[in-house]
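S.K.: With the sequence up front, the predicted model follows.
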Amino acid sequence: MVKIMIKFYKYILLVIISIVLNAVMAEPYIPAFENTVVRVFSASEDVQKINYLREQLLIDKNNYQILNEAVALYLKMGREKSDPRYFGYAEALLLPYLNNKNLPEQVYIHWADVLQHRHEFSQALLVLNRLSNNNSDNPQVYLMRAISHISRAEYQLALDNCKSLFIRASHLISMACVSQVKSLSGELQKSFSLLEETLKINKHSDEEELGWVITLLADMAVRKGDDFVGEQYYRKALEINQYDYYALANYADLLLKQKKYKQAIFLLNEFTYVDALLLRLAIAGVKTKNDSAAKYIAELESSYRLMELRGEDVHLRDQARFYFEVKNENEKALMLAKKNWRIQKEPADIKLLLDIALKNNNKIELKRGIEWAASQSLEDVQLKRIISAAVKL
């Protein structure tokens, strides 16, 4: 297995280096044989470890501890690199085991994580509900259930799971979960203030927890219309983790909303390998007529075509934004926004759907969206502006 992986990596490196040489030299070096190794790079520690774990799993396929470690490492690499392929590797590793009733709880949690990443929230909840029904004490189970319910705008169910965290997780995480839910259902200012106070009391908490909570506060501040405070919180989150792709994307969205396109480009220039951030770069690039915009657009079109071929619905919101804000293909954008809305119903999703429906003068979608927002008591200054423009039609 290790030898096969080494050959694979050598081949990929050969292709990459050949492309680079073709781009920068008038007379590129072309190896005489396709298996010629131009240069060998040492594999990262994570790659070495995953290869070792997979090799051990071939020897002892029923060693669930090794299985759990390997899957956890794939998921970690996927998040750190923002590369969905690693979630696919984790899925491929898990699938042969899923019918085994004796799997450790954490392995099922990893499987739910894969499903959530694919936005298959119903399937993820089936897995997590089974663990909860078995009286799981793992806080991940209840936090992940809350997140799935939030994504589907099932706020009471989300709140029930948040409350279950108080005896299982840190006070900061528990309060953040509750505050997030209540901020989406008519208590935005109260939730923001409560979470700010909770953060002050728990300022020495784990960095990962702090980063998540600070980003939540940034999002709430922006929804309240306090962009200055929102920006300060996004900056704090990025001081904790400069590779927090979620915080980077939302901060970039704030800059785009403020028409600070050059600042958005400066913020994201090193993250072209992350599709979500590449989209923001493309939007800013089009607005500023940046020379790199065409390249960004071509890369995104290629990436989205691959997703469509694979039948993936993970980035429908971003695809809709791409066709709306970059390509000006409003009908296709509306089709994608409607498809996305059937899967997830977060504030960004309803704002995008209504914005595109407004551009298309689609009164049916506008009516549905406005009624839904009113039924949820959703507070968001940007959403309010879109609705104000829509009712004038």
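M.R.: Now that the structure is in, tell me what you want to look at. Residues are numbered from 1 along each chain as shown.
S.K.: Look at the residue nearest to residue 377 when sequence neighbours are not counted and tell me its secondary structure.
M.R.: Distances taken as Cβ to Cβ, 6 or more residues apart in numbering place residue 186 nearest to residue 377, at 3.3 Å, with adjacent residues excluded. Every residue, glycine included, has its C-beta placed from N, CA and C. Three-state call for residue 186 (DSSP: H, G, I helix; E, B strand; the rest coil): coil.
S.K.: wait, doesn't residue 186 sit right on residue 375?
M.R.: No: the pair residue 186 / residue 375 is not scored as a contact, 10.8 Å apart, by Cβ atoms under 8 Å.
S.K.: Give me the neighbour count for residue 343.
M.R.: Counted with other Cβ atoms under 10 Å, the neighbours of residue 343 add up to 17.
S.K.: meant to ask about residue 245, not that
M.R.: Residue 245: 18 neighbours (other Cβ under 10 Å).
S.K.: Tell me if I'm right that it and residue 81 touch.
M.R.: No: under the criterion of Cβ under 8 Å, residue 245 is not in contact with residue 81, lying 9.8 Å apart.
S.K.: Just name the shakiest helix or strand of this protein by mean pLDDT.
M.R.: Least confident element among the helices and strands of the chain, by mean pLDDT, DSSP states H and E: helix 2-24 (a mean of 38).
S.K.: CA atoms only for the next helix or strand after that helix, dumped as CSV, please.
M.R.: Moving toward the C-terminus from helix 2-24, the next helix or strand (DSSP states H and E) is helix 45-59. Output of helix 45-59 as CSV, limited to C-alpha atoms (Å, rounded to 0.1, in the frame of the first residue of the first chain):
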residue,chain,number,x,y,z
GLU,A,45,3.7,14.0,9.0
ASP,A,46,-0.1,13.6,8.5
VAL,A,47,0.4,11.8,5.2
GLN,A,48,3.0,9.5,6.7
LYS,A,49,0.7,8.7,9.6
ILE,A,50,-2.3,8.1,7.5
ASN,A,51,-0.3,5.7,5.3
TYR,A,52,0.9,3.9,8.3
LEU,A,53,-2.6,3.6,9.8
ARG,A,54,-4.0,2.3,6.5
GLU,A,55,-1.2,-0.3,6.3
GLN,A,56,-2.0,-1.4,9.8
LEU,A,57,-5.7,-1.6,9.0
LEU,A,58,-4.9,-4.0,6.1
ILE,A,59,-3.1,-6.2,8.6
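S.K.: Can you give me the buried ones in the next helix or strand after helix 45-59?
M.R.: Downstream of helix 45-59, the first helix or strand assigned by DSSP H and E is helix 64-81. Under the neighbour-count criterion of 16 or more other Cβ atoms under 10 Å, helix 64-81 has 64, 66-75, 77-78 buried.
S.K.: now those as TSV including pLDDT?
M.R.: Formatted as TSV, these follow (pLDDT from 0 to 100):
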residue	pLDDT
64	96
66	97
67	97
68	97
69	97
70	97
71	98
72	97
73	97
74	97
75	97
77	96
78	95
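S.K.: Distance to residue 112 added to those, as CSV?
M.R.: Below are those laid out as CSV (distance: Cβ to Cβ, whole Å):
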residue, distance to residue 112
64, 16
66, 20
67, 15
68, 14
69, 18
70, 17
71, 12
72, 13
73, 17
74, 15
75, 11
77, 18
78, 15
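S.K.: Give me the neighbour count for the residue nearest to residue 377.
M.R.: With other Cβ under 10 Å as criterion, residue 186 counts 13.
S.K.: Read off the pLDDT value for it.
M.R.: We have a pLDDT of 95 for residue 186.
S.K.: go on, residue 128?
M.R.: 98.
S.K.: Quick one: residues contacting it.
M.R.: Applying Cβ atoms under 8 Å, 6 or more residues apart in numbering, one finds that residue 128 lies in contact with 109, 112, 141, 144, 145, 148.
S.K.: now do 7 Å
M.R.: By Cβ atoms under 7 Å, 6 or more residues apart in numbering, the contact set of residue 128 is 112, 141, 144, 145.
S.K.: Help me confirm that the first one comes into contact with residue 124.
M.R.: Going back to what we said before, that points to residue 112. Yes: using Cβ atoms under 7 Å, residue 112 is in contact with residue 124, at 4.5 Å.
S.K.: that older thread, can you pick the most crowded of the contacts of residue 128?
M.R.: Ranking the contacts of residue 128 using other Cβ under 10 Å puts residue 145 first, with 27 neighbours.
S.K.: And the pLDDT for the residue nearest to residue 222 when sequence neighbours are not counted?
M.R.: Nearest residue to residue 222 in three dimensions, chain neighbours excluded: residue 230, at 3.9 Å (Cβ to Cβ, 6+ apart). pLDDT for residue 230: 98.
S.K.: name the element residue 230 belongs to?
M.R.: Short version, using DSSP H and E: residue 230 is in helix 227-240.
S.K.: again, but for residue 108
M.R.: Applying DSSP H and E, one finds residue 108 within helix 105-117.
S.K.: Quick one: work out the angle between the helix or strand that that helix is followed by and helix 105-117.
M.R.: Going down the chain from helix 105-117, the next helix or strand is helix 121-133, by DSSP H and E. Per axes from the mean of the first three to the mean of the last three Cα atoms, to 10 degrees, the angle that helix 121-133 makes with helix 105-117 is 160 degrees.
S.K.: Buried residues of helix 121-133, list them for me.
M.R.: 121, 123, 124, 125, 127, 128, 131, 132.
S.K.: how far is it from where the chain is centred?
M.R.: 20 Å (Cα atoms, centre = their mean, to the nearest Å).
S.K.: Check which residues of the next helix or strand after that helix are buried.
M.R.: Later in the chain than helix 121-133, the nearest helix or strand by DSSP H and E is helix 139-151. Buried residues in helix 139-151, counting neighbours by 16+ other Cβ under 10 Å, are found at 139-151.
S.K.: What separation do you get for the residue nearest to residue 377 and residue 286?
M.R.: With distances taken as Cβ to Cβ, to the nearest Å, residue 186 is found 37 Å from residue 286.
S.K.: repeat for residue 199
M.R.: When residue 199 is compared with residue 286 (using Cβ to Cβ), they lie 37 Å apart.
S.K.: quick one, which of those two is more surrounded?
M.R.: residue 199 (21 against 18).
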